[in-house]
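Peer 1: Build me a structure from this.
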Amino acid sequence: MAGPPVVIWKQEVERLLRYRELVPRLEEALGKCSRRDRAEVIQPVRTSLPLQKHDGFLLLMPTYMEKDKVLSTKLVCFYKREDGSTLPAVQATVVLLDPEYGNVKAVMDGEVITGMRTAAVSAISAKLLMRPEAEVLAILGTGKQALSHYDVFTEMFLFKEVRVWSRTRQGAERFCRSVSGPVTVCASVEEAVRGADAIVTVTRSTEPVLFGQWVKPGAHVAAVGACRPDWRELDDVLMKEAVVYADSREGAMTESGDIILSGAEVFAELGDVINGTKPSHREKTTVFKSLGMGVEDAVSAELVFDQWKAKASKP
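Peer 2: You can find the predicted model right below:
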């Protein structure tokens, strides 16, 4: 008989989850999701329940990986907060289950998992699509996702300059105090992105903040914010001129305002590039539209649980 579920709090997840182990697992999972036989990974487009009184949504993201014997779901409360709000924008919990018996194996804080797996997939997009000689990284936004993207991008790539833009001076100052390396704070989005080789957009914006006329030809953009069908971060010019990739074509066509409202075509999923069925087009301007998938949480949670078991078994 199965024992009670393990509860793994945020601090423990931070200790157990590392990009060097997470990135390869995510690459493998993305490839599996884009194969013609998708039965290996079953993950419906996430269910969204509006919380109108609180200007938010409850998202449910179940995933079953049959061959890997992984069953999980993530519960996410996502809110549109005003600038300066002290309330959290995202609260997440990941539940890991035994697919054969149906019992809950572990319940873990999902904040760190969400931040790290999202940033890791953006970094995978840069690994596949960014020009190898890239020197300048620009990050638009200074919240938790901005910090996780800074961490993994500076761990995986060698940039000569990192620029950051924030809507508020306080946000920029907080970001600079939180990172380990030098950062150039820019007064405008245009200043931050002009000449940048890689651009990460992690804003709360519902209207475009990044315009194609500012983007260097051949730059790579990882667009992470604007996860609703009526929200935007990127303008029509950029969306229509760039080669657009997504983590999930189905998810992007359902949830991404950047894609739906611009009428842009999704050229390929990241998994298609990993599998070698679609080219990377490094020579062109590329946009990776990130929406997040349940399989990314499942893989991350299983890694945390494996690390926890290994640690618990040591005398």
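Peer 1: Contact partners for K144?
Peer 2: By CB atoms under 8 Å, 6 or more residues apart in numbering, K144 lies in contact with 90, 111, 115. Glycine gets a C-beta too; all of them are placed from N, C-alpha and C.
Peer 1: Pull up the per-residue confidence for it.
Peer 2: Looking at K144, its pLDDT reads 91.
Peer 1: Equivalent analysis for R38, please.
Peer 2: R38 is given a pLDDT of 62.
Peer 1: The residue most central in space within the chain and P4: what is the separation?
Peer 2: By CA atoms, centre = their mean, the mean C-alpha position of the chain lies nearest to T118, the distance being 2.2 Å. According to CB to CB, to the nearest Å, T118 and P4 sit 30 Å apart.
Peer 1: What of D98?
Peer 2: With CB to CB as the criterion, D98 and P4 are 13 Å apart.
Peer 1: Which one's more surrounded, these two?
Peer 2: For the pair D98 and P4, the greater number of neighbours falls to D98 (13 against 7), based on other CB atoms under 10 Å.
Peer 1: Ramachandran angles for that one?
Peer 2: phi -90, psi 120 (degrees, to the nearest 10).
Peer 1: any low-confidence regions in the chain?
Peer 2: Applying pLDDT under 70 to the chain flags the ranges 1-2, 36-38, 315.
Peer 1: residues touching Y150, list them.
Peer 2: Contacts of Y150 by CB under 8 Å, 6+ apart are 139, 162, 175, 179, 183.
Peer 1: Now do the SS call for the nearest residue to the fourth one once chain neighbours are set aside.
Peer 2: Spelled out, that is V179. Among residues not flanking V179 along the chain, Y150 sits closest, at 5.4 Å (CB to CB, 6 or more residues apart in numbering). Here Y150 is helix, with the state taken from DSSP: H, G, I helix; E, B strand; the rest coil.
Peer 1: for G195, same thing?
Peer 2: Following three-state DSSP, we place G195 in the coil state.
Peer 1: unless I'm mixing things up, it is touching K216, no?
Peer 2: Yes. With contact defined as CB atoms under 8 Å, G195 counts as touching K216 (5.6 Å).
Peer 1: In space, what's closest to Q91 - neighbours in sequence excluded?
Peer 2: Spatial nearest neighbour of Q91, chain neighbours left out: C77 (4.6 Å); criterion: CB to CB, 6+ apart.
Peer 1: Name the residues of stretch 122-132 that are buried.
Peer 2: For stretch 122-132, burial by neighbour count (16 or more other CB atoms under 10 Å) applies to 122-131.
Peer 1: Equivalent analysis for stretch 198-213, please.
Peer 2: Using 16+ other CB under 10 Å as the test for burial, stretch 198-213 gives 198-205, 208-210, 212.
Peer 1: and M130, backbone torsions?
Peer 2: According to degrees, to the nearest 10, M130 has phi -80, psi 150.
Peer 1: switch to numbering from 477
Peer 2: Right, with 477 as the first residue, what we last looked at is M606.
Peer 1: The closest residue to it other than its chain neighbours: neighbour count?
Peer 2: Using CB to CB, 6+ apart and skipping the chain neighbours, the partner closest in space to M606 is H696 (4.1 Å). Using other CB under 10 Å, H696 has 31 neighbouring residues.
Peer 1: Same question for the one 4 residues further on.
Peer 2: Look at V700: counted by other CB under 10 Å, it has 26 neighbours.
Peer 1: Roughly how far does it sit from K716?
Peer 2: Distance, V700 to K716, by CB to CB: 20 Å.
Peer 1: got it, and E631?
Peer 2: 33 Å.
Peer 1: Please apply the same query to V628.
Peer 2: 29 Å.
Peer 1: For stretch 619-632, list every residue counted as buried.
Peer 2: So for stretch 619-632, counting by 16+ other CB under 10 Å, buried means 619-630.
Peer 1: Let me know the closest of those residues to G739.
Peer 2: Q621 (26.6 Å; CB to CB).
Peer 1: Excluding covalently adjacent residues, which one is nearest to that closest one?
Peer 2: Nearest one to Q621, counting by CB to CB, 6+ apart, is V678 at 4.1 Å.
Peer 1: what residues are up against the one you found?
Peer 2: V678 touches 615-617, 619, 621-622, 625, 700-701, counting by CB under 8 Å, 6+ apart.
Peer 1: Show me which of those is closest to E667.
Peer 2: Using CB to CB, the contacts of V678 come closest to E667 at L616, 11.1 Å.
Peer 1: Enumerate the beta-bridge partners assigned to that closest one.
Peer 2: L616 has the following beta-bridge partners by DSSP bridges: W641, T677.
Peer 1: And the helices in the stretch 577-726 of the chain?
Peer 2: Under the criterion DSSP state H, counting those that start in this stretch, the stretch 577-726 of the chain contains helices at 587-605, 620-632, 645-654, 665-669, 712-717, 725-731.
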